[in-house]
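Undergrad: requesting a structural model of the entry that follows:
(one chain, ligands or ions: 2)
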Amino acid sequence: MTTRYDVAIIGTGAGGGTLAWTLASTGKRILVLERGDYVPREKDNWSTRAVNLQGKYNTKEVWHDAVGEALHPHTNYFVGGNTKFYGAALFRLRREDFGELKHWGGVSPAWPISYEDMEPYYTAAERLYHVHGERGADPTDPPAGAPYPHPPVSHEPRIQQLADDFARLGCRPFHVPLGIMLDEGNPGRSRCIRCGTCDGHPCLVAAKSDAQVVCVDPALEQSNVTLLTRAMVKRLETIPSGREVARIAVERDGAEEIYAADIVVAACGAINSAALLLRSANDRHPRGLANGSDVVGRHYMGHVNSALMAVSKCPNPTIFQKTLGLNDFYFGSEDWDHPMGHISFVGKLDGDTLRGGAPAIAPGWTLDLMARHSLDFWLTSEDLPAWDNRVTLDQNGGIVLAYQPNNEEAHRRLTAKLKSLMARQSKCGVHGHECHEGLFARNLFLGQRIPLAGVAHQNGTVRFGFDPRTSALDANCKAHEVDNLYAVDGSFFPSSAAVNPALTIMANALRVGDHLKTRLA
Ligand SMILES: Cc1cc2nc3c(=O)[nH]c(=O)nc-3n(C[C@H](O)[C@H](O)[C@H](O)COP(=O)(O)OP(=O)(O)OC[C@H]3O[C@@H](n4cnc5c(N)ncnc54)[C@H](O)[C@@H]3O)c2cc1C
Ligand code: SF4
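TA: Numbers count the residues shown, from 1 in each chain. Ligands and ions are numbered 1, 2, ... in the order given. Sure thing, here's the model as predicted:
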């Protein structure tokens, strides 16, 4: 027997979780389907060995790359999706990111909506996700309708010293906007204890603003919202005309269950939503559901990212490192008229984490020692939406990810800028200019860049746009070709910008939520 709902949301991450939260108050019958379970609450949540070295919470699913090599994706299937593990750096895209931007490697296309369309939803998402930040300090900050709801997270002394150095060199470092429930004015009562295992780890004390804590759990307090965990959606089936999704086929504990809803929303993450639509091909949609344009799965983007360690003779005792950002080169510089990207930090690396992707070891150093003395930067440049960078399926329905990096010169230039800034740091009182030992890429064996399996920032595979020939979704994120199908995860991005994607996914879910509330009324 089929059970029918008003809305079915597939996935509980930044997109799906946020949408469930905003629709919960409508009183409509909402079904949330999540392939994973809750993250078990256990000491390993905060173990770098378990999380980073052993990959305890990573999916064990195996994907393949374009030449058939096995890929072990760094992604997580749990209630809350990848926000359970994210670093909670919650950036707005820059206003210019919504327009067309010329890059060294090509064109970053315009979005079908403007920054002004998204702005109220950014403000709402920042409130919902408890973002701590400081407006206007970042020179590329777009205009905002309200101050951040919470003050910025302070720098620890080594990071403050670096911020002062960067400022002396003419840059405008800023406090990264962070979604953590930290009350520095009242540490004894603060839910967040500012620990060293935030980025990449689930929060043992539920103080990270992830989609489970902030959205899914509160939504479930309403009796009209039902969550089914371990419910993997295998296929969406349409009515004979192909214009409506009629059945949602779910595999749950080894058995098939069928559900139906007036509105069906894919929020499985960019790669899995594309895979779901491709698996749902039928006579009316031979290339995959809603894929007359052939864009579903294409234009995969994941950012050009590097983790770089700047090792000093002086130790870096910072516990919570991810507080400093630098966007001075985001749109270019005096000597290079193309966007380069964004510089910030990862959570403080330790020896166990480094053993999972060892850097070139500086002469005379061990991994543990390097980790104690490093500043651990995270560099992000925009990758451009290329037609052949895409998700397809193998003969068993498994995921194949083909990706050729592009716009790499921007990333090389960004790295060179950081190198030059680090070489010009102010004199260390103990070691003079000799304190700085150099920059080391975190992963020697897989090259300088984060490898293909690093799909943390996946986006772009079911792009939205005005033209059904070049996009799968319309400006409301409804499929052009299916009247009751939407997507609200990272798949809708037509371009990736160079800041972290989650806040834009959350804000967009609130925007689509408003559209759905009108439609359901
Ligand atoms: C270690 C790490 C650090 C990160 N740090 C940051 C950061 O600091 N700032 C930032 O902005 N972003 C960060 N990100 C990225 C951020 O987490 C993602 O951009 C965001 O979670 C994507 O949201 P989503 O809704 O697209 O997908 P997800 O959050 O991945 O949610 C998708 C959900 O769908 C479920 N699902 C998938 N397929 C199916 C199916 N067939 N049936 C049912 N359920 C399904 C999954 O289990 C999952 O729960 C980080 C990611 C990682 C992994
Ligand atoms: S306590 Fe704070 S810093 Fe530690 S994981 Fe939780 S939110 Fe992050």
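
Undergrad: check contacts around Asn224.
TA: By CB atoms under 8 Å, 6 or more residues apart in numbering, Asn224 lies in contact with Ala24, Thr26, Gly27, Lys28, Arg29, Ile30. Using the backbone N, CA and C atoms, a C-beta is placed for each residue, glycine as well.

Undergrad: write the ChimeraX selection for whichever of those residues are buried.
TA: Here is the ChimeraX command that selects only those of the contacts of Asn224 that count as buried (16 or more other CB atoms under 10 Å):
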select :24,26,28,29,30
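
Undergrad: could you tell me which of the contacts of Asn224 belong to helices?
TA: In helices, judged by DSSP state H, the following of the contacts of Asn224 are found: Ala24.

Undergrad: and the residue nearest to Leu128 when sequence neighbours are not counted, how far from Thr197?
TA: Nearest residue to Leu128 in three dimensions, chain neighbours excluded: Val214, at 6.2 Å (CB to CB, 6 or more residues apart in numbering). Separation of Val214 from Thr197 (CB to CB, to the nearest Å) stands at 20 Å.

Undergrad: those two: who's more crowded?
TA: More neighbours surround Val214 than the other of Val214 and Thr197, with 24 against 21 (other CB atoms under 10 Å).

Undergrad: where does the more buried one fall, phi/psi-wise?
TA: The phi/psi pair for Val214 (degrees, to the nearest 10) reads phi -90, psi -30.

Undergrad: before we move on, what about Leu169?
TA: When quoted as degrees, to the nearest 10, the phi and psi of Leu169 stand at phi -80, psi 10.

Undergrad: also the one 3 residues further on?
TA: Arg172 adopts backbone torsions of phi -120, psi 70, taken as degrees, to the nearest 10.

Undergrad: burial count for it?
TA: By other CB under 10 Å, 16 other residues sit near Arg172.

Undergrad: ditto for the one 3 residues further on
TA: Burial measure for His175: 21 neighbouring residues, criterion other CB under 10 Å.

Undergrad: which residues sit in contact with it?
TA: Counting by CB under 8 Å, 6+ apart, His175 touches His132, Gly133, Glu134, Ala137, Pro152, Val153, Ser154, His155, Thr323, Leu324, Gly325.

Undergrad: in the sheet, who's paired with the first one?
TA: This means His132. In this entry, His132 is beta-bridged to His150, Leu178, by DSSP bridges.

Undergrad: quickly note the distance from it to Ala231.
TA: His132 is 34 Å from Ala231, by CB to CB.

Undergrad: can you pick out the residue with more neighbours from those two?
TA: For His132 and Ala231, the more surrounded residue by other CB under 10 Å is His132, and the numbers stand at 27 against 20.

Undergrad: tell me the pLDDT at that one?
TA: In this prediction, His132 carries a pLDDT score of 98.

Undergrad: and it, what is it in contact with?
TA: Contacts of His132 by CB under 8 Å, 6+ apart are Tyr148, Pro149, His150, Pro151, Pro152, Val153, His175, Pro177, Leu178, Gly179, Ile180, Leu182.

Undergrad: go on, Thr140?
TA: The contact partners of Thr140, by CB under 8 Å, 6+ apart, come to Arg94, Asn327, Tyr330, Phe331.

Undergrad: buried sites along stretch 336-352?
TA: For stretch 336-352, burial by neighbour count (16+ other CB under 10 Å) applies to 336, 338-352.

Undergrad: what about it, start to end distance?
TA: 38 Å (CA to CA, to the nearest Å).

Undergrad: now swap in stretch 290-303 and tell me
TA: In stretch 290-303, first residue to last residue: 26 Å (CA to CA).

Undergrad: which parts of it are buried?
TA: Buried residues in stretch 290-303, defined by neighbour count with 16+ other CB under 10 Å: 290-293, 295-303.

Undergrad: the helix or strand Ile9 falls within and ligand 1 in contact?
TA: Per DSSP states H and E: Ile9 is located in strand 3-10. Yes. Interface with ligand 1: strand 3-10 contributes Ile10 (CB under 6 Å from any ligand atom).

Undergrad: give me the contact list for that strand.
TA: 16, 19-20, 23, 28-33, 226, 233, 248, 258-268, 273, 276, 516, 520.
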